[in-house]
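Novice: I'll drop the sequence and a predicted model, then ask my questions.
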Amino acid sequence: GPSPRSAMDLFGDLRRMNKRQLYYQVLNFAMIVSSALMIWKGLIVVTGSESPIVVVLSGSMEPAFHRGDLLFLTNFHDDPIRAGEIVVFKVEGRDIPIVHRVIKIHEKENGNIKFLTKGDNNEVDDRGLYKEGQNWLEKKDVVGRARGFLPYVGMVTIIMNDYPKFKYALLAVMGAYVLLKRES
Amino acid sequence: LRKNVEDFTGPRERSDLGFVTFDITADILNGKNGLRIIFDWNVKQLFLYLSAEYSTKNNALNQVVLWDKIMLRGDNPRLFLKDMKSKYFFFDDGNGLKGNRNVTLTLSWNVVPNAGILPLVTGSGHVSVPFPDTYETTKSY
(Lines give C-alpha, C1' and ligand atoms only; values in the text may rest on other atoms or scores of the structure.)
Protein backbone atom coordinates (compact mmCIF):
# COMPACT_ATOMS: atom_id res chain seq x y z
CA GLY A 1 0.00 0.00 0.00
CA PRO A 2 1.03 3.70 -0.08
CA SER A 3 3.77 4.61 2.42
CA PRO A 4 2.64 6.84 5.32
CA ARG A 5 3.91 10.44 5.07
CA SER A 6 6.31 11.62 7.71
CA ALA A 7 5.44 14.37 10.18
CA MET A 8 7.96 16.66 8.50
CA ASP A 9 6.22 16.27 5.12
CA LEU A 10 2.85 17.19 6.65
CA PHE A 11 4.35 20.21 8.40
CA GLY A 12 5.88 21.38 5.11
CA ASP A 13 2.47 21.10 3.46
CA LEU A 14 0.86 23.24 6.16
CA ARG A 15 3.45 26.00 5.88
CA ARG A 16 2.99 26.21 2.11
CA MET A 17 -0.81 26.34 2.44
CA ASN A 18 -0.66 29.21 4.96
CA LYS A 19 1.65 31.23 2.67
CA ARG A 20 -0.76 30.76 -0.24
CA GLN A 21 -3.68 31.81 1.90
CA LEU A 22 -1.76 34.88 3.00
CA TYR A 23 -1.05 35.92 -0.61
CA TYR A 24 -4.72 35.36 -1.40
CA GLN A 25 -5.82 37.58 1.46
CA VAL A 26 -3.39 40.32 0.45
CA LEU A 27 -4.74 40.25 -3.08
CA ASN A 28 -8.28 40.45 -1.73
CA PHE A 29 -7.28 43.49 0.30
CA ALA A 30 -5.63 45.15 -2.70
CA MET A 31 -8.77 44.57 -4.74
CA ILE A 32 -10.94 46.26 -2.12
CA VAL A 33 -8.63 49.28 -2.03
CA SER A 34 -8.54 49.51 -5.84
CA SER A 35 -12.32 49.29 -6.08
CA ALA A 36 -12.72 52.07 -3.54
CA LEU A 37 -10.28 54.26 -5.45
CA MET A 38 -12.09 53.55 -8.71
CA ILE A 39 -15.43 54.50 -7.21
CA TRP A 40 -13.92 57.76 -5.94
CA LYS A 41 -12.40 58.58 -9.32
CA GLY A 42 -15.70 57.71 -10.97
CA LEU A 43 -17.49 60.18 -8.70
CA ILE A 44 -14.98 62.88 -9.62
CA VAL A 45 -15.73 62.31 -13.31
CA VAL A 46 -19.50 62.13 -12.92
CA THR A 47 -19.84 65.22 -10.73
CA GLY A 48 -17.15 67.33 -12.39
CA SER A 49 -15.82 68.25 -8.97
CA GLU A 50 -12.27 67.48 -7.78
CA SER A 51 -13.74 66.72 -4.37
CA PRO A 52 -17.33 65.49 -4.71
CA ILE A 53 -17.76 64.77 -1.02
CA VAL A 54 -16.59 67.25 1.61
CA VAL A 55 -16.88 67.48 5.37
CA VAL A 56 -18.06 70.75 6.93
CA LEU A 57 -15.23 71.98 9.12
CA SER A 58 -16.65 75.08 10.80
CA GLY A 59 -19.85 76.47 12.22
CA SER A 60 -20.06 79.39 9.81
CA MET A 61 -23.14 77.98 8.06
CA GLU A 62 -25.14 77.10 11.14
CA PRO A 63 -27.93 76.30 11.74
CA ALA A 64 -28.04 74.72 8.29
CA PHE A 65 -24.73 72.83 8.47
CA HIS A 66 -22.68 71.88 11.48
CA ARG A 67 -19.09 70.71 11.89
CA GLY A 68 -19.00 67.10 10.86
CA ASP A 69 -21.82 67.19 8.30
CA LEU A 70 -21.17 65.69 4.89
CA LEU A 71 -21.86 67.60 1.68
CA PHE A 72 -22.29 66.21 -1.83
CA LEU A 73 -21.08 68.51 -4.59
CA THR A 74 -21.37 68.90 -8.34
CA ASN A 75 -19.36 71.28 -10.45
CA PHE A 76 -20.77 71.18 -13.97
CA HIS A 77 -19.14 73.74 -16.21
CA ASP A 78 -22.43 74.96 -17.64
CA ASP A 79 -24.10 75.43 -14.25
CA PRO A 80 -24.31 79.17 -13.74
CA ILE A 81 -23.34 80.59 -10.36
CA ARG A 82 -26.30 82.48 -8.91
CA ALA A 83 -27.00 84.40 -5.72
CA GLY A 84 -28.27 82.17 -2.93
CA GLU A 85 -26.35 79.07 -3.97
CA ILE A 86 -24.12 77.29 -1.50
CA VAL A 87 -20.64 76.90 -2.96
CA VAL A 88 -17.49 75.21 -1.74
CA PHE A 89 -14.41 77.16 -2.71
CA LYS A 90 -10.70 77.29 -1.98
CA VAL A 91 -8.80 80.52 -1.49
CA GLU A 92 -5.77 80.66 -3.78
CA GLY A 93 -2.78 79.23 -1.98
CA ARG A 94 -4.78 77.54 0.77
CA ASP A 95 -5.88 73.95 0.93
CA ILE A 96 -8.94 74.20 3.12
CA PRO A 97 -12.31 74.15 1.35
CA ILE A 98 -14.81 76.72 2.64
CA VAL A 99 -18.57 76.20 2.45
CA HIS A 100 -20.48 79.50 2.18
CA ARG A 101 -23.35 81.14 0.32
CA VAL A 102 -23.08 83.37 -2.76
CA ILE A 103 -24.53 86.80 -1.95
CA LYS A 104 -23.45 88.89 -4.95
CA ILE A 105 -22.63 88.17 -8.57
CA HIS A 106 -21.54 90.33 -11.47
CA GLU A 107 -21.46 88.46 -14.75
CA LYS A 108 -20.26 89.79 -18.09
CA GLU A 109 -21.84 88.93 -21.40
CA ASN A 110 -19.07 86.45 -22.21
CA GLY A 111 -19.83 84.46 -19.09
CA ASN A 112 -16.96 85.78 -16.95
CA ILE A 113 -18.29 86.02 -13.46
CA LYS A 114 -17.04 87.44 -10.20
CA PHE A 115 -18.89 86.80 -6.99
CA LEU A 116 -18.86 87.39 -3.25
CA THR A 117 -19.63 84.85 -0.54
CA LYS A 118 -20.66 84.93 3.11
CA GLY A 119 -21.32 82.35 5.76
CA ASP A 120 -24.93 82.39 6.98
CA ASN A 121 -23.70 82.49 10.56
CA ASN A 122 -21.12 85.23 9.97
CA GLU A 123 -21.77 88.94 10.45
CA VAL A 124 -19.60 90.04 7.52
CA ASP A 125 -18.88 88.78 4.03
CA ASP A 126 -15.83 86.73 3.15
CA ARG A 127 -13.58 89.47 1.80
CA GLY A 128 -11.42 89.06 4.90
CA LEU A 129 -10.90 85.41 4.02
CA TYR A 130 -9.82 85.98 0.45
CA LYS A 131 -6.23 86.53 -0.60
CA GLU A 132 -4.60 89.90 0.10
CA GLY A 133 -6.05 92.38 -2.38
CA GLN A 134 -8.60 89.90 -3.69
CA ASN A 135 -12.14 91.24 -3.60
CA TRP A 136 -14.01 88.60 -5.59
CA LEU A 137 -14.05 84.89 -6.27
CA GLU A 138 -14.04 83.41 -9.76
CA LYS A 139 -15.23 80.16 -11.26
CA LYS A 140 -11.75 78.69 -10.98
CA ASP A 141 -11.90 79.00 -7.19
CA VAL A 142 -15.02 76.84 -6.96
CA VAL A 143 -14.63 73.20 -5.90
CA GLY A 144 -18.35 72.55 -6.31
CA ARG A 145 -21.96 73.49 -5.59
CA ALA A 146 -23.65 71.82 -2.59
CA ARG A 147 -26.49 69.64 -3.88
CA GLY A 148 -27.20 67.30 -0.98
CA PHE A 149 -26.15 66.69 2.56
CA LEU A 150 -26.03 64.14 5.36
CA PRO A 151 -25.66 65.21 8.98
CA TYR A 152 -22.97 63.90 11.39
CA VAL A 153 -21.50 61.30 9.00
CA GLY A 154 -18.33 63.30 8.40
CA MET A 155 -17.44 63.42 12.09
CA VAL A 156 -15.29 60.31 11.61
CA THR A 157 -12.94 62.27 9.32
CA ILE A 158 -12.66 65.12 11.80
CA ILE A 159 -11.89 62.74 14.66
CA MET A 160 -9.23 61.01 12.57
CA ASN A 161 -7.65 64.36 11.79
CA ASP A 162 -7.65 65.60 15.35
CA TYR A 163 -6.58 62.31 16.89
CA PRO A 164 -4.10 60.58 14.53
CA LYS A 165 -3.67 57.68 16.95
CA PHE A 166 -7.32 56.87 16.37
CA LYS A 167 -6.69 56.85 12.62
CA TYR A 168 -3.80 54.37 12.92
CA ALA A 169 -5.74 52.16 15.32
CA LEU A 170 -8.67 52.09 12.90
CA LEU A 171 -6.43 51.23 9.94
CA ALA A 172 -4.70 48.49 11.94
CA VAL A 173 -8.03 46.96 12.92
CA MET A 174 -9.31 47.10 9.33
CA GLY A 175 -6.10 45.60 7.97
CA ALA A 176 -6.08 42.81 10.52
CA TYR A 177 -9.70 41.98 9.82
CA VAL A 178 -9.22 41.68 6.08
CA LEU A 179 -5.97 39.72 6.31
CA LEU A 180 -7.13 37.26 8.94
CA LYS A 181 -10.65 36.69 7.64
CA ARG A 182 -11.00 33.09 6.54
CA GLU A 183 -13.13 32.35 3.51
CA SER A 184 -14.96 29.07 4.06
CA LEU B 1 -46.57 87.72 -1.85
CA ARG B 2 -46.33 91.51 -2.07
CA LYS B 3 -43.37 93.81 -1.99
CA ASN B 4 -43.56 97.58 -1.99
CA VAL B 5 -40.38 99.48 -2.43
CA GLU B 6 -38.96 102.95 -2.29
CA ASP B 7 -35.46 103.59 -3.46
CA PHE B 8 -32.74 106.02 -4.38
CA THR B 9 -29.02 105.96 -5.07
CA GLY B 10 -26.22 107.86 -3.39
CA PRO B 11 -23.04 108.92 -5.13
CA ARG B 12 -19.87 107.05 -4.37
CA GLU B 13 -16.78 107.66 -6.43
CA ARG B 14 -16.61 104.36 -8.20
CA SER B 15 -19.75 102.39 -7.49
CA ASP B 16 -23.37 103.29 -7.17
CA LEU B 17 -24.87 102.48 -3.81
CA GLY B 18 -28.55 101.72 -3.85
CA PHE B 19 -30.90 102.26 -0.96
CA VAL B 20 -34.08 100.27 -0.94
CA THR B 21 -36.81 99.95 1.64
CA PHE B 22 -39.40 97.27 1.23
CA ASP B 23 -42.33 95.45 2.71
CA ILE B 24 -42.71 91.70 2.49
CA THR B 25 -45.92 89.88 3.03
CA ALA B 26 -45.66 86.15 2.59
CA ASP B 27 -47.45 83.12 3.81
CA ILE B 28 -45.06 80.24 3.39
CA LEU B 29 -47.58 77.53 4.17
CA ASN B 30 -50.65 78.60 2.30
CA GLY B 31 -49.53 81.00 -0.39
CA LYS B 32 -50.67 80.77 -3.96
CA ASN B 33 -48.27 81.13 -6.90
CA GLY B 34 -45.92 78.40 -5.86
CA LEU B 35 -45.18 79.58 -2.35
CA ARG B 36 -46.69 76.52 -0.78
CA ILE B 37 -44.13 74.62 1.18
CA ILE B 38 -44.83 71.94 3.69
CA PHE B 39 -42.60 72.00 6.71
CA ASP B 40 -42.55 68.24 6.84
CA TRP B 41 -40.35 66.01 8.95
CA ASN B 42 -37.46 66.39 6.54
CA VAL B 43 -37.39 70.19 6.34
CA LYS B 44 -35.00 71.57 8.95
CA GLN B 45 -35.13 75.20 7.87
CA LEU B 46 -35.74 77.62 5.04
CA PHE B 47 -33.12 80.19 4.16
CA LEU B 48 -35.11 83.07 2.66
CA TYR B 49 -33.45 85.85 0.76
CA LEU B 50 -34.48 88.90 -1.19
CA SER B 51 -32.25 89.52 -4.18
CA ALA B 52 -32.07 92.32 -6.70
CA GLU B 53 -31.34 91.37 -10.29
CA TYR B 54 -30.45 93.82 -13.03
CA SER B 55 -28.31 94.48 -16.08
CA THR B 56 -25.83 97.26 -16.54
CA LYS B 57 -23.48 98.54 -19.21
CA ASN B 58 -20.62 96.99 -17.26
CA ASN B 59 -22.14 93.61 -16.56
CA ALA B 60 -24.80 91.61 -18.40
CA LEU B 61 -26.16 90.12 -15.17
CA ASN B 62 -25.94 91.32 -11.59
CA GLN B 63 -27.53 89.77 -8.55
CA VAL B 64 -27.24 91.23 -5.08
CA VAL B 65 -28.75 89.71 -1.96
CA LEU B 66 -30.31 92.58 0.00
CA TRP B 67 -31.84 90.74 2.89
CA ASP B 68 -32.05 87.25 4.29
CA LYS B 69 -33.75 85.36 7.07
CA ILE B 70 -33.54 81.88 8.48
CA MET B 71 -36.91 80.29 9.18
CA LEU B 72 -36.66 77.18 11.31
CA ARG B 73 -39.28 74.47 11.38
CA GLY B 74 -41.62 75.58 14.12
CA ASP B 75 -41.18 79.30 13.49
CA ASN B 76 -44.13 81.40 12.43
CA PRO B 77 -44.50 80.71 8.69
CA ARG B 78 -46.04 84.08 7.96
CA LEU B 79 -43.87 87.06 7.09
CA PHE B 80 -45.27 90.50 7.60
CA LEU B 81 -42.40 92.94 7.39
CA LYS B 82 -42.81 96.66 6.78
CA ASP B 83 -40.29 99.35 5.95
CA MET B 84 -37.38 96.97 5.97
CA LYS B 85 -34.02 98.36 5.00
CA SER B 86 -31.61 96.14 3.18
CA LYS B 87 -29.34 94.18 5.49
CA TYR B 88 -26.38 94.44 3.14
CA PHE B 89 -24.97 97.33 1.16
CA PHE B 90 -26.36 97.39 -2.34
CA PHE B 91 -23.20 98.33 -4.21
CA ASP B 92 -23.13 98.02 -7.96
CA ASP B 93 -19.94 97.11 -9.79
CA GLY B 94 -19.77 100.48 -11.45
CA ASN B 95 -22.43 103.11 -11.97
CA GLY B 96 -25.23 100.98 -13.30
CA LEU B 97 -27.93 101.80 -10.77
CA LYS B 98 -28.51 105.41 -11.68
CA GLY B 99 -31.46 105.58 -14.04
CA ASN B 100 -31.78 101.81 -14.20
CA ARG B 101 -35.42 101.03 -14.80
CA ASN B 102 -35.14 97.30 -14.73
CA VAL B 103 -34.06 96.28 -11.28
CA THR B 104 -36.14 93.29 -10.19
CA LEU B 105 -36.52 92.16 -6.61
CA THR B 106 -37.30 88.50 -6.06
CA LEU B 107 -37.84 86.47 -2.92
CA SER B 108 -36.21 83.05 -3.04
CA TRP B 109 -35.45 80.32 -0.56
CA ASN B 110 -33.11 77.44 0.04
CA VAL B 111 -34.74 74.37 1.59
CA VAL B 112 -32.37 72.72 4.06
CA PRO B 113 -33.50 69.17 4.82
CA ASN B 114 -32.54 67.05 7.80
CA ALA B 115 -30.81 64.88 5.22
CA GLY B 116 -30.95 64.83 1.44
CA ILE B 117 -31.15 67.18 -1.52
CA LEU B 118 -30.73 70.97 -1.12
CA PRO B 119 -33.13 72.69 -3.52
CA LEU B 120 -33.08 76.39 -4.33
CA VAL B 121 -36.51 77.78 -5.16
CA THR B 122 -37.36 81.15 -6.65
CA GLY B 123 -40.65 82.68 -5.67
CA SER B 124 -42.88 83.48 -8.60
CA GLY B 125 -43.76 86.99 -7.48
CA HIS B 126 -41.30 89.72 -8.27
CA VAL B 127 -41.28 93.48 -8.16
CA SER B 128 -39.59 95.89 -10.49
CA VAL B 129 -37.75 98.78 -8.89
CA PRO B 130 -36.83 101.66 -11.18
CA PHE B 131 -33.99 103.79 -9.85
CA PRO B 132 -34.18 107.53 -10.41
CA ASP B 133 -31.91 109.34 -12.86
CA THR B 134 -30.21 111.50 -10.30
CA TYR B 135 -28.28 110.87 -7.16
CA GLU B 136 -29.73 111.73 -3.78
CA THR B 137 -27.34 113.71 -1.71
CA THR B 138 -29.58 114.94 1.04
CA LYS B 139 -31.62 111.94 2.07
CA SER B 140 -30.38 110.07 5.09
CA TYR B 141 -30.83 106.34 5.47
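Specialist: Nice, I can see it.

Novice: please make it C-alpha for all contacts and neighbour counts, starting now.
Specialist: OK.

Novice: helix or strand for residue 101, which one?
Specialist: If you meant another chain, say so; for now it's chain A. Here residue A:101, judged by DSSP states H and E, is contained in strand A:97-107.

Novice: roughly how far is that strand from the heart of the chain?
Specialist: Using CA atoms, centre = their mean, to the nearest Å, the mean C-alpha position of strand A:97-107 is found 22 Å from that of the whole chain.

Novice: each with direction, which strands does it pair with?
Specialist: strand A:86-90 (antiparallel), strand A:113-118 (antiparallel), strand B:61-72 (antiparallel) (DSSP bridges).

Novice: who touches the first one?
Specialist: I take that to be strand A:86-90. Strand A:86-90 is contacted from outside by A:96-102, A:141-146, using CA atoms under 8 Å, 6 or more residues apart in numbering or on different chains.

Novice: distance of residue B:107 relative to chain A?
Specialist: According to CA to the nearest CA, to the nearest Å, residue B:107 and chain A sit 10 Å apart.

Novice: I'd assumed residue B:50 was in contact with that residue.
Specialist: Yes - counting by CA atoms under 8 Å, residue B:50 is a contact partner of residue B:107 at 4.5 Å.

Novice: near chain B, which residues of chain A show up?
Specialist: Proximity of chain A to chain B, by CA under 8 Å from any CA of the partner chain, involves residues A:64, A:82-85, A:103-109, A:146-151.

Novice: so where's chain B shaky on pLDDT?
Specialist: Across chain B, the ranges flagged by pLDDT under 70 are B:1-14, B:26-39, B:123-125, B:135-141.

Novice: and the nearest residue to residue A:48 once chain neighbours are set aside, what does it touch?
Specialist: Counting by CA to CA, 6 or more residues apart in numbering or on different chains, residue A:75 is the residue found nearest to residue A:48 once chain neighbours are left out, at 4.9 Å. Contact analysis of residue A:75 by CA under 8 Å, 6+ apart lists A:47-49, A:142-145.

Novice: secondary structure class for residue A:93?
Specialist: Under DSSP: H, G, I helix; E, B strand; the rest coil, the three-state class of residue A:93 is coil.

Novice: how's chain A carved up into domains?
Specialist: With domains defined by the TED database, chain A comprises A:1-47, A:53-151, A:153-183.

Novice: so which of these is the most surrounded?
Specialist: Ranked by mean neighbour count, the domains of chain A are led by domain A:53-151 with a mean of 19 (mean count of other CA atoms under 10 Å in any protein chain shown).

Novice: how long is stretch A:90-98 from one end to the other?
Specialist: One end of stretch A:90-98 to the other measures 6 Å (CA to CA, to the nearest Å).

Novice: next one: stretch B:116-134
Specialist: 48 Å.

Novice: ok, now stretch A:84-95?
Specialist: 24 Å.

Novice: what does stretch A:102-111 give?
Specialist: End-to-end span of stretch A:102-111 (CA to CA): 17 Å.

Novice: show the average pLDDT along that stretch.
Specialist: Taken as a whole, stretch A:102-111 has a mean pLDDT of 92.

Novice: now do that stretch: everything it contacts.
Specialist: Outside stretch A:102-111, the residues that reach it (CA under 8 Å, 6+ apart) are A:81-87, A:113-118, B:58-65, B:93.

Novice: re the thing from before, tabulate the strands paired with strand A:97-107 (TSV), appending distance to residue B:102.
Specialist: Converted to TSV, those look like this (distance: least, CA to CA, whole Å):
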stretch	distance to residue B:102
strand A:86-90	26
strand A:113-118	20
strand B:61-72	11
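
Novice: can you pull out the strands in the chain?
Specialist: You didn't pick a chain, so chain A it is. A:53-55, A:70-74, A:86-90, A:97-107, A:113-118, A:137-138, A:142-150 (DSSP state E).

Novice: wait, I meant chain B there
Specialist: B:2-10, B:17-27, B:43-54, B:61-72, B:78-85, B:90-91, B:103-113, B:116-117, B:120-129.

Novice: what residues are up against the residue of chain A found nearest chain B?
Specialist: Closest contact between chain A and chain B, by CA to the nearest CA, is at residue A:148 (4.0 Å). By CA under 8 Å, 6+ apart, the residues touching residue A:148 are A:71-73, B:115-118.

Novice: in the sheet, who's paired with it?
Specialist: Per DSSP bridges, the residues bridged to residue A:148 are residue A:72, residue B:117.

Novice: how big is the angle separating the longest helix anywhere in chain A from strand A:142-150?
Specialist: Criterion DSSP state H: the longest helix present in chain A is helix A:7-47. Between helix A:7-47 and strand A:142-150, the angle comes out at 110 degrees (axes from the mean of the first three to the mean of the last three CA atoms, to 10 degrees).

Novice: so which elements touch helix A:7-47?
Specialist: Secondary-structure packing of helix A:7-47 (3 or more CA pairs under 8 Å, 6 or more residues apart in numbering or on different chains; DSSP states H and E): helix A:164-180.
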